[in-house]
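>>> Any chance you could fold what I've pasted below:
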Amino acid sequence: LSTLNNPEVIAVNQDSLGVQGKKVAFASSQYSNVSTEIVVANCSTSSKIEPKRVQWTYNSQDGTIRSALNGQCLSINDCSTAEGAIIVLNECHINNSQTQCQGKNQQWTVDSADQTIVSQMNGKCLNFNLQHGPNVDAHSCNKQDYQQWLWNATDGTIRTKHDNHQCLTVLQELEIWAGPLSDHSKAVVLLNRSNSGSETITVKWTDIGFSNDQAAVVRD
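Just a heads-up that it's a prediction; the model follows:
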């Protein structure tokens, strides 16, 4: 609340130039134990999504769906059996007696006949949440197109049948947003979406429209 009420923050928001800031760069968390949220996003690499963030492999033997980005497993967060439990990417813990629910929240059945992806833990379907998009959650199965998924064996993508231009995607945890102000300066926001608490985020001059040899005064 103190940030939102800060006079300088308000001044940036009400700047006379009136140009909206935009996401200019992103990065992955430096921590391997961070739970990364899974969303549905544009499959096209022109949307600045790293290709491996939309690529997946399914192991029918252990039921895991693993990200090509880091080999981590598609998981129901905290082994929740609640309707609408969020889907995240975590380190794989299949049959590990030392972990919560022994990794059963990471085991899935891919049904190519009805195009569903069903949790072996609670029988709920991988669900594109249209009300809270682009979020993905676990929901009671109803055979609607937002619970049906098209697996492309060629490029490794999993596309929602509701809109086959949208892919199951590992969310970028760290974001850099920037926009120009009327005094020719730049407003820059560093956003940490992870649950790690603290992260190192590096802003390159070129990310915010400056040349590499340009000097600038930076204020927090």
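>>> so where's this structure uncertain?
Within the chain, the stretches with pLDDT under 70 are 1, 26-35, 45-49, 132-133, 194-197.
>>> Secondary structure class of the residue in it sticking out farthest from the centre, three-state.
The C-alpha centroid of the chain is most remote from Asp183, which lies 34.4 Å away (CA atoms, centre = their mean). Of the three states, Asp183 takes coil under DSSP: H, G, I helix; E, B strand; the rest coil.
>>> In space, not sequence, find me the middle residue of the protein.
In the chain, the centroid-proximal residue (CA atoms, centre = their mean) is Leu171; its distance is 1.5 Å.
>>> Any figure for the gap between that one and Asn152?
As judged by CB to CB, to the nearest Å, Leu171 and Asn152 stand 20 Å apart. From N, CA and C alone the C-beta is placed, and that goes for glycine too.
>>> just Gln20 next, same as before
Gln20 is 34 Å from Asn152, by CB to CB.
>>> quick one, which of those two is more surrounded?
Legend: neighbour count by other CB atoms under 10 Å for Gln20 and Asn152, higher for Asn152 (15 against 6).
>>> residues near Val19, how many?
Burial of Val19 is recorded as 11 neighbouring residues (other CB under 10 Å).
>>> pretty sure it is in contact with Gly179, am I right?
Yes - between Val19 and Gly179 there is a contact under CB atoms under 8 Å: 5.5 Å.
>>> Which stretches in the protein count as helices?
7-13 (DSSP state H).
>>> How is it divided into domains?
14-32+173-220, 36-170 (automatic domain parsing).
>>> Need the winner for burial among the ones you listed.
Neighbour counts (mean count of other CB atoms under 10 Å) averaged over each of those peak at domain 36-170, with a mean of 18.
>>> looking at the sheet around the nearest residue in space to Glu199 that is not next to it in sequence, what are its partners?
The shortest distance from Glu199 to any non-neighbouring residue, by CB to CB, 6 or more residues apart in numbering, is to Asn192 (4.9 Å). For Asn192, the beta-bridge partners under DSSP bridges are Leu174.
>>> measure stretch 88-97 end to end?
Using CA to CA, to the nearest Å, the span of stretch 88-97 from its first residue to its last is 20 Å.
>>> Name the residues that touch it?
With CB atoms under 8 Å, 6 or more residues apart in numbering as the test, stretch 88-97 has contacts from 32-33, 35-38, 62-64, 66-67, 70-75, 77, 99, 102-103, 106-107, 170.
>>> Now with 7 Å, please.
With CB atoms under 7 Å, 6 or more residues apart in numbering as the test, stretch 88-97 has contacts from 32-33, 35-38, 62, 64, 67, 72-75, 77, 99, 102-103, 106-107, 170.
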